[in-house]
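**Q** Sequence first, predicted coordinates after that:
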Amino acid sequence: MKAHSKALLWLVASATMFGAMAFAAKVASARLSGPQVAMVRFAVGLLPVALIPRVRRTALAYHRLDLILIRGFFGGLAVLFYFICIQHVSVGVATLLNYTSPIYSGFFSMLFIGERLSPKVLIPLPVALFGVFLVVHAHARPGELVGFGRWELMGALSAICSGAAVTAIRAARRAESSWSIYGSLCLFGLLTTLPQGLTTWRNPSHDEWSALAIMSLLAIGAQLTMTFSLRWVDAMTVGVISQLAVIVSMLLGALLLSERITLMAALGAVLSIAGVAGVTFVTQARTAGDG
């Protein structure tokens, strides 16, 4: 019980750091491009695997290379699209869109790895989607009827790619180590972001380097604490608590970047988070029952 309680605290810390990471990425991308920021995030994230022999050996000890490749490729695309979205829209909206990924992972698991989707998911799913609509509509720019432009589309694509990456890991189950999964994400994420990151490169200022360093360290810390918590916390709890990152990013954006949170946006965020948590709960409960 004590270990479980400690793991829950680590999980809350992880979600908080992921939200703060998104905020730091937003600060860095005020002048730098999203792909450049994402490229730096992956390059720094790869350092533990590259520099620590024990970690490198664990990362290279994989069993399902195909699933590791799929996870790394789609995970890299997810972060690339997410950071492009962060560059152009408020950090809260970008994070909210990205964290709808459990919706897509549930459907991908049904289509590709034979998991059955409970009809009960049809209750929270529309709630989540309506919440996303309210948040995006509340931030609509002049001339936009709904507010779902190309940058918001990038956020939605990041969630879809993240759902595909998570499905690959669920297919692998516990065959792969946490470091092999983490290493594949950083390596293929770096390769994915490298072309655009280099072509849009701008030399960061001192303050921008600070934001990039903070973002990268938060990303590593968030990933490692989440990995630690997975030893004692089930995937359903992880999916629900991870939604805290959306709240953290929205609050930081409002407090420090003057990103407005209207009543409609706040209501939409609550509905979206509750809906995604409900989808996660129903999906994972059905999976546990089938297992």
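**A** It's in.
**Q** on contacts alone, who are the packing partners of the helix or strand Ala156 falls within?
**A** Remark: Ala156 resides in helix 150-172, with elements defined by DSSP states H and E. When contacts are defined as 3 or more Cβ pairs under 8 Å, 6 or more residues apart in numbering; DSSP states H and E, helix 150-172 sits against helix 65-88, helix 91-98, helix 101-112. Heads up, the C-betas are built off the backbone N, CA and C, glycines and all.
**Q** avg pLDDT for the helix or strand that the last one is followed by?
**A** Per DSSP H and E, the first helix or strand lying C-terminal to helix 101-112 is helix 124-138. Over the span of helix 124-138, the pLDDT mean works out to 83.
**Q** do the same with stretch 156-175
**A** Rounded mean pLDDT across stretch 156-175 is 81.
**Q** CA atoms only: put that stretch into PDB for me.
**A** The C-alpha trace of stretch 156-175 is given here as PDB (Å, rounded to 0.1, in the frame of the first residue of the first chain):
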ATOM      1  CA  ALA A 156      -5.400  16.400 -33.300                       C
ATOM      2  CA  LEU A 157      -2.800  14.600 -35.500                       C
ATOM      3  CA  SER A 158      -0.500  14.500 -32.500                       C
ATOM      4  CA  ALA A 159      -3.100  12.700 -30.500                       C
ATOM      5  CA  ILE A 160      -3.800  10.200 -33.300                       C
ATOM      6  CA  CYS A 161      -0.100   9.400 -33.700                       C
ATOM      7  CA  SER A 162       0.300   9.100 -29.900                       C
ATOM      8  CA  GLY A 163      -2.700   6.700 -29.900                       C
ATOM      9  CA  ALA A 164      -0.900   4.600 -32.500                       C
ATOM     10  CA  ALA A 165       2.300   4.600 -30.500                       C
ATOM     11  CA  VAL A 166       0.500   3.500 -27.300                       C
ATOM     12  CA  THR A 167      -1.200   0.700 -29.200                       C
ATOM     13  CA  ALA A 168       2.100  -0.600 -30.300                       C
ATOM     14  CA  ILE A 169       3.300  -0.800 -26.700                       C
ATOM     15  CA  ARG A 170       0.100  -2.400 -25.600                       C
ATOM     16  CA  ALA A 171       0.700  -5.000 -28.300                       C
ATOM     17  CA  ALA A 172       4.100  -5.700 -26.900                       C
ATOM     18  CA  ARG A 173       2.700  -5.900 -23.400                       C
ATOM     19  CA  ARG A 174       5.500  -6.400 -21.000                       C
ATOM     20  CA  ALA A 175       8.000  -7.900 -23.400                       C
END
